[in-house]
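Below are the sequence and a predicted model; questions follow.
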Amino acid sequence: MATKKIPVHKLKVGMFVEELDRHWLDSPFWFHKKKIKDQKDVDEFIKSGIKTIIINTDKGIDIEEESILDQQEKDHLSEKTKIPQLTYEESVFTDPVPFTEELPRAKEIKNNVSNVVKNIFNDVRMGKAIELNDVKTQVNGIVECVFRNRDALLCLANLKDYDNYTFVHSVNICILSVSFARHLNLPKTHLEHIGLGALLHDLGKTQIPESILNKPGKYTPEEYNIMKGHVGLGVEILRKHDNIPAEAMMVVLQHHERYNGCGYPQKLYGDKIDLIGQIAGISDVYDAITYDRVYHKALSCHSAVKRLYEWNDTLFNRLLIEKFIQCIGIYPVGSFVELNTGHRGLVISVNHQILLRPKVLVLFEGDKRLDSPFSIDPAIEDDEKCNFKYSIERELDPEDYEVNINQYLDRFKTT
Ligand SMILES: [Fe+2]
């Protein structure tokens, strides 16, 4: 029996419904299997709230091929993306430069990259070509920064800038994807290519009408289809440029594919999604759920990590989710936390072997705000019985304590 899982809005007259995304008893339909006879049948499915349907293509018509990539483009892409399946290993390494020393440089790099991305989006909107050499130089700067210290740029990616979401999100995905790929011990040249793709991953949105892009409410199925087209449009824009590495193309093409096959545009599932596509997808979702969107309220980074973990083996590969959490931590850099001793402060370094014991810059002793913050490393400091002296009790909202994290980070100046 040949079956395909399709979103409900792709249901057409002549298709044969084999299964729903829920038990039949939980649906308004009394039948188990059904051939779609007319538009009324289609409308009933859409109105029912069912999201996905499995169709039997032996008993009814098949879904039309995705129109965003014609055959010629598909051939071209498969040729360009013919890269060996990457493998990844446990990576244990130490950072050559301390967080506090790297942070000012990381800030400068992030600011420069944000400006470059803004210019690229504006240029593409006006039909101009992308100055690829400039972009590659910026991405290489990010890669070098991550190699000097893994936490400096991650900390900045975790501090949310609520203006210019598209640009900031692109830079954050670049930082997260490069950091994750570094954690997986992928070769440096791959990191540069992944970073380039991540920076440009949503370039296709420049071709989506503003009325849809900035719509305050939920999308209709038609609008959602137009929005999903940004992947194909992004691929088309990059195809007009020479020297786009295959790995970068892969990021753009696959960043919305999901492990259980519910993503788009190709509805790939499992390891049919390239490792690079999975890295980009996890990074994209982690960053997106930490912003207020129409569909959800912003989560803190710590809550976003927990949410990602709930999605292992559904939206994402379990092993990769575990690796991602190992990379960014359970309490990611930039989290505001309380210790068992009542100290409150800022996570400034993740211990990648003991995730629950990140290094903390203490800003409060009890309720007393300190003039001179100091750091505590819960992974190495013991009490008199040789037990861990410090542990993280909980995450706090910095706003409740009138803590401006940026202000504290500004104390670290270039030496
Ligand atoms: Fe996207």
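Here it is on my side, so go on.

from what I can see Tyr165 touches Asp292, true?
No. Contact status for Tyr165 versus Asp292: not in contact, 9.5 Å apart, counting by Cβ atoms under 8 Å. Heads up, the C-betas are built off the backbone N, CA and C, glycines and all.

Looking at these two, which one has more neighbours?
Neighbour count, other Cβ atoms under 10 Å: between Tyr165 and Asp292, Tyr165 has more, with 16 against 12.

Identify the residues contacting the nearest residue to that one once chain neighbours are set aside.
In space, and not counting its chain neighbours, Tyr165 is closest to Tyr291: 6.4 Å by Cβ to Cβ, 6 or more residues apart in numbering. The contact partners of Tyr291, by Cβ atoms under 8 Å, 6 or more residues apart in numbering, come to 160, 162, 165, 169, 298.

Which of those residues has the largest number of neighbours?
Going by other Cβ under 10 Å, His169 tops the contacts of Tyr291 with 20 neighbours.

ok but it is inside a helix, no?
Yes. Judged by DSSP: H, G, I helix; E, B strand; the rest coil, His169 forms part of a helix.

Show me where the stretch 251-400 of the chain has its helices.
For the stretch 251-400 of the chain, the helices defined by DSSP state H, counting those that start in this stretch cover 275-288, 301-310, 318-328.

Can you pull the poorly scored residue ranges out of this structure?
Along the chain, the model assigns pLDDT under 70 to residues 23-32, 64-92, 161-163, 293-296, 412-415.

quick one, longest strand in it?
The single longest strand within the chain, with elements called by DSSP state E, is strand 368-376.

Which positions in that strand come out as buried?
Of all the residues in strand 368-376, those buried under the rule 16 or more other Cβ atoms under 10 Å are 373, 376.

Next, work out how far apart the most centrally placed residue in the chain and Asp271 are.
In the chain, the residue lying closest to the centroid (Cα atoms, centre = their mean) is Asp284, at 1.6 Å. Per Cβ to Cβ, to the nearest Å, Asp284 is found 19 Å from Asp271.

Outline the domain layout of this protein.
Taking automatic domain parsing as the domain assignment, the ranges for the chain are 3-56, 73-78+84-328, 336-409.

just the ones you listed: most buried one?
Across the domains of the chain, averaging neighbours per residue (mean count of other Cβ atoms under 10 Å) puts domain 73-78+84-328 on top, at a mean of 19.

Now render the helices of the stretch 251-400 of the chain as TSV, adding distance to Ile244.
Below are these laid out as TSV (distance: least, Cβ to Cβ, whole Å):
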stretch	distance to Ile244
helix 275-288	14
helix 301-310	29
helix 318-328	25
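
Beyond the helix or strand where Lys5 lies, next helix or strand please.
Assigned by DSSP states H and E, Lys5 falls within strand 3-7. Next in sequence after strand 3-7, counting helices and strands by DSSP H and E, comes strand 16-20.

Mind listing the strands that following strand pairs with, and their directions?
strand 34-35 (antiparallel), strand 52-56 (antiparallel) (DSSP bridges).

export these to TSV and tack on distance to His256?
Putting the strands paired with strand 16-20 into TSV (distance: least, Cβ to Cβ, whole Å) gives the following:
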stretch	distance to His256
strand 34-35	30
strand 52-56	15
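
Ok, which of these comes nearest His201?
Closest to His201 of those is strand 52-56 (Cβ to Cβ; 24.4 Å).

most residues in a single helix of this structure, which one?
helix 99-125 (DSSP state H).

what helices or strands is the helix or strand following it leaning on?
Next helix or strand after helix 99-125 toward the C-terminus (DSSP H and E): helix 132-148. For helix 132-148, the packing partners by 3 or more Cβ pairs under 8 Å, 6 or more residues apart in numbering; DSSP states H and E come out as helix 99-125, helix 150-158, helix 165-183, helix 188-199.

Adding distance to Leu20, write those out as JSON lines.
Formatted as JSON lines, the helices and strands packed on helix 132-148 follow (distance: least, Cβ to Cβ, whole Å):
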{"stretch": "helix 99-125", "distance to Leu20": "40"}
{"stretch": "helix 150-158", "distance to Leu20": "39"}
{"stretch": "helix 165-183", "distance to Leu20": "34"}
{"stretch": "helix 188-199", "distance to Leu20": "36"}
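
wait, which of the ones you listed is closest to Asn351?
Nearest to Asn351 among those is helix 150-158 (10.5 Å), distances taken as Cβ to Cβ.

That closest one versus helix 301-310: what angle between them?
For helix 150-158 against helix 301-310, the angle between stretch directions is 100 degrees (axes from the mean of the first three to the mean of the last three Cα atoms, to 10 degrees).

mind checking how far helix 150-158 is from the chain centre?
Chain-centre distance of helix 150-158: 14 Å, with Cα atoms, centre = their mean, to the nearest Å.
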